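Build the 3D model from these lines:
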Amino acid sequence: MKNYYTVAVSMLAGAVLGGTAIQGLQAQAKPKAYTVSELETLDAAANAAFVTRVQAAQKTAGGHNLNTGGGKVVGLEGTAPKRVAITEWDSLEQAEAFYKSKAWNDLAPERDKAFKTIRRYAVETVK
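Have a look, this model is predicted:
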């Protein structure tokens, strides 16, 4: 009978430790973030070349482009921008780091020829 108690207590202790470990891992996970860029195309040819380069740079930095640039934008309330580009990031810090990076800053001359940025911001998801 004593062996049954030992096994039961061991199983209970294992479940408690496992639950605590999982809870701790989930608490460490950062919420995803999305960058939203509202744009106006200035030069279609320059824009096409720039998009390829910026998507490659974003991918290298850990971003996932949602392929919204060039898609139809419909205003539901207020005025819709002409073009919207959305990128998913693993965290807000990762998104901020990319937009402060040398890779992004090196693309500035091409970016300025391709389009005009109306507004750009990052949004963190809520847990």
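
only C-alpha atoms for contact and neighbour calcs from this point on.
Fine.

Glu93 and Val36, how far apart?
15 Å (CA to CA, to the nearest Å).

more crowded one of these two?
Val36 (17 against 14; other CA atoms under 10 Å).

Centre-most residue in the chain?
The chain has Trp89 as the residue nearest its centroid, 1.9 Å off, counting by CA atoms, centre = their mean.

May I have the residues that are in contact with that residue?
Lys32, Ala33, Tyr34, Thr35, Gly62, Gly63, His64, Ala95 (CA atoms under 8 Å, 6 or more residues apart in numbering).

Helix or strand next in line after the lowest-mean-pLDDT helix or strand in the chain, which one?
Across the helices and strands of the chain, the lowest-confidence element by mean pLDDT, DSSP states H and E is helix 2-28, at a mean of 55. Heading C-terminal from helix 2-28, the first helix or strand you meet, by DSSP states H and E, is strand 33-41.

domain assignment for the chain?
Per the record, the chain has its domains at 1-29, 33-124, by automatic domain parsing.

By mean pLDDT, show me the worst of those domains.
With a mean of 56, domain 1-29 has the lowest mean pLDDT of the domains of the chain.

Who are the packing partners of the helix or strand hosting Trp104?
Secondary structure assignment for Trp104, by DSSP H and E: helix 102-106. Helices and strands touching helix 102-106, by 3 or more CA pairs under 8 Å, 6 or more residues apart in numbering; DSSP states H and E, are helix 44-60.

which residues are contacting the helix it packs on?
Thr41, His64, Asn65, Phe98, Ala103, Trp104, Leu107, Glu110, Arg111, Lys113, Ala114, Phe115.

Apply 10 Å and report the result again.
Outside helix 44-60, the residues that touch it by CA atoms under 10 Å, 6 or more residues apart in numbering are 41, 61-65, 67, 69, 85, 87-89, 95, 98-99, 103-104, 107-115.

so of these, which ones are in helices?
Under the assignment DSSP state H, those contribute Ala95, Phe98, Tyr99, Ala103, Trp104, Ala108, Pro109, Glu110, Arg111, Asp112, Lys113, Ala114 to helices.
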